[in-house]
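Enquirer: coords please:
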Amino acid sequence: MNAAENLLALRPALLRRTVHDRNEVRHPESHFLDFVIDGQSLSDLIPEGQGLVTPFNRPWLATVPEAVEQLRGRKPCTDLAPGRVPLLVCGECGDLACGAVTTALDVGQTTTTWADFRWEDGATPSTSIHVPSERLSFSSRIYLDVVSDAAERVAGLPYDQLANEGRRSRWPWQWGWRLPKED
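Expert: You can find the predicted model right below:
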C-alpha cells in the first residue's frame, strides 16, 4: 500500500428513527454497513452525512447487489451523472431525491479514487461538500475485496420487518395475532 492511499473498511452501524404511523409510534432500526475511512466513519467526516446511511442497508436488501456493482464501477447509477455514485443516502427510503452525498468514482487497475464530493437531490444544482481530503485513494485490490462481499454481510444484519414497514399494510395474522382455537 502506498503512503498516500487510504484504508477502506465496512463496519456494521445502526440508525434509529421514530415514525408516527397513524395512532402508532414505531422505532425502526436501519442496520447498515458504514464506510470507514482510515478508522473514521464517512458520515463523521462529512457534516452533511449525519442521519444518512450507505446503500448497504438491510431494509433494502434487494437493491444491495446493484449498489455493490455501482461502487465497483460496473454499473452506472441512472439517477446521477455518469461516473458518479451515491455514498450516503436518506436513511428512511434511500431515495436520492431526499438528498445524497455522492462522489466521482474512478476504479483503476491499481488505485480506486473517490473525488469531487457533492450534495445532490435531483431538484437543485449539486453543491460541493467540504471533506478533510478532497480525494480519497484506495488500493483497487483491497477496495474491490471490501465492497464485493457487502451483499452477503448485509444479509446477515438484523431486520425487523414489522418495525420497518408498519402494521397498516399487513393482514392481522401477519401482525402475530392468532385466531382462538375451536373446542
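Enquirer: Going by C-alpha atoms from here, please, whenever you check contacts or count neighbours.
Expert: Noted.
Enquirer: what about stretch 9-23, start to end distance?
Expert: Length of stretch 9-23, first residue to last, C-alpha to C-alpha, to the nearest Å: 41 Å.
Enquirer: quick one: the helices in this protein?
Expert: In order along the chain, the chain carries the following helices (DSSP state H): 42-45, 64-71, 140-148, 150-155, 161-165.
Enquirer: what pLDDT does residue 106 get?
Expert: pLDDT, the model's per-residue confidence, is 97 for residue 106.
Enquirer: same thing with residue 23?
Expert: Residue 23 is assigned 74 on the pLDDT scale.
Enquirer: I'd like to check which residues are in contact with it.
Expert: By C-alpha atoms under 8 Å, 6 or more residues apart in numbering, the contact list for residue 23 is empty.
Enquirer: related to what we said a few turns ago, make CSV out of the helices of the chain and add mean pLDDT and mean neighbour count.
Expert: Below are these laid out as CSV (pLDDT from 0 to 100; neighbours: other C-alpha atoms under 10 Å):
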stretch, mean pLDDT, mean neighbour count
helix 42-45, 88, 17
helix 64-71, 97, 20
helix 140-148, 96, 17
helix 150-155, 95, 18
helix 161-165, 65, 15
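Enquirer: Out of these, the one nearest residue 122 is which?
Expert: When these are ranked by distance to residue 122, counting by C-alpha to C-alpha, first place goes to helix 64-71 at 18.2 Å.
Enquirer: chain center to that closest one: distance?
Expert: Its chain's C-alpha centre lies 10 Å from the corresponding centre of helix 64-71 when counted by C-alpha atoms, centre = their mean, to the nearest Å.
Enquirer: quick one: it to helix 140-148, angle?
Expert: Put simply, helix 64-71 runs at 160 degrees to helix 140-148, going by axes from the mean of the first three to the mean of the last three C-alpha atoms, to 10 degrees.
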